[in-house]
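> Everything below, folded, please.
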Amino acid sequence: MELEFDVKVDSKVLYDYMLHHTYGSFQGVLGTAVGAIMLVGFAVTKYVIWLIAGIVLLAYLPWSLFLKSKQQMLATPAFKEPLHYRMTEDGVEISQGEAKEFQQWEHMVKATSTGKSIILYTSPVNACIFPREDLKDKQVAVIEMISKHMPPAKVKIKA
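Here you go, the predicted structure:
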């Protein structure tokens, strides 16, 4: 079976990916927990410094990721044009213009999803982002293809 589709990653999709990636990591969870503890500290002690520190910790990460997604969109030529994907029994081919890259299924790290995208990690920090809006009627087929070629423990996609 072979599956082909084009996607265009915009700043909203990239921000959604960055939030998911960051808050799915130990550092994201830790930062959120510390911020929440500081807000509880304010509720208990009424010291305004706890409130300020908690708000800064909880608001800083999403805001900085928002800015980073905008900057990355402007700085990365690959996001200017659509990416073409071809999923085969051997792996995933990514092409844009004359440039082509191929990743074998066994080298994929994990697959996950957000409400806006299906994310196929090609390394611990790099991923193919498939906006659901662009996949349209191929969304189920993409999920099936990923699930067929990756171990179940590596696939955490919500339909």
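
> contacting residues for G28?
T22, L61 (Cβ atoms under 8 Å, 6 or more residues apart in numbering). All C-beta atoms are positioned from the backbone trio N, CA, C, and that covers glycine.

> Are we agreed that it is in a helix?
Yes: if the criterion is DSSP: H, G, I helix; E, B strand; the rest coil, then G28 is within a helix.

> From A36, how far off is it?
Noted for G28: a distance of 13 Å to A36, by Cβ to Cβ, to the nearest Å.

> again with M145
Counting by Cβ to Cβ, the gap from M145 to A36 is 39 Å.

> residues in contact with H21?
So H21 contacts I119, V125, A127 (Cβ under 8 Å, 6+ apart).

> typo on my end, T32
Y23, L57, L58, L61.

> what about burial for those, which qualify?
The neighbour count (16 or more other Cβ atoms under 10 Å) marks L57, L58, L61 as buried among the contacts of T32.

> what sits opposite Y85 in the beta ladder?
F5, I94 (DSSP bridges).

> care to break the chain down by domain?
Domains of the chain are assigned by automatic domain parsing as 3-9+78-156, 13-75.

> can you give me the end-to-end distance of the shortest one?
By Cα to Cα, to the nearest Å, the extent of domain 13-75 from end to end equals 16 Å.

> Please compute how far that domain lies from its chain's middle.
17 Å (Cα atoms, centre = their mean, to the nearest Å).

> In the longest helix seen in the chain, which residues are buried?
Secondary structure of the chain per DSSP state H: the longest helix is helix 48-75. Of the residues in helix 48-75, W50, L51, A53, G54, L57, L58, L61, L65, F66, S69, M73 count as buried by neighbour count, 16+ other Cβ under 10 Å.

> quick one: contacts for the residue most central in space within the chain?
By Cα atoms, centre = their mean, the chain has its centre lying nearest to Y17, at 2.6 Å. Neighbour list for Y17: T114, S117, I119, A127, I129 [criterion: Cβ under 8 Å, 6+ apart].
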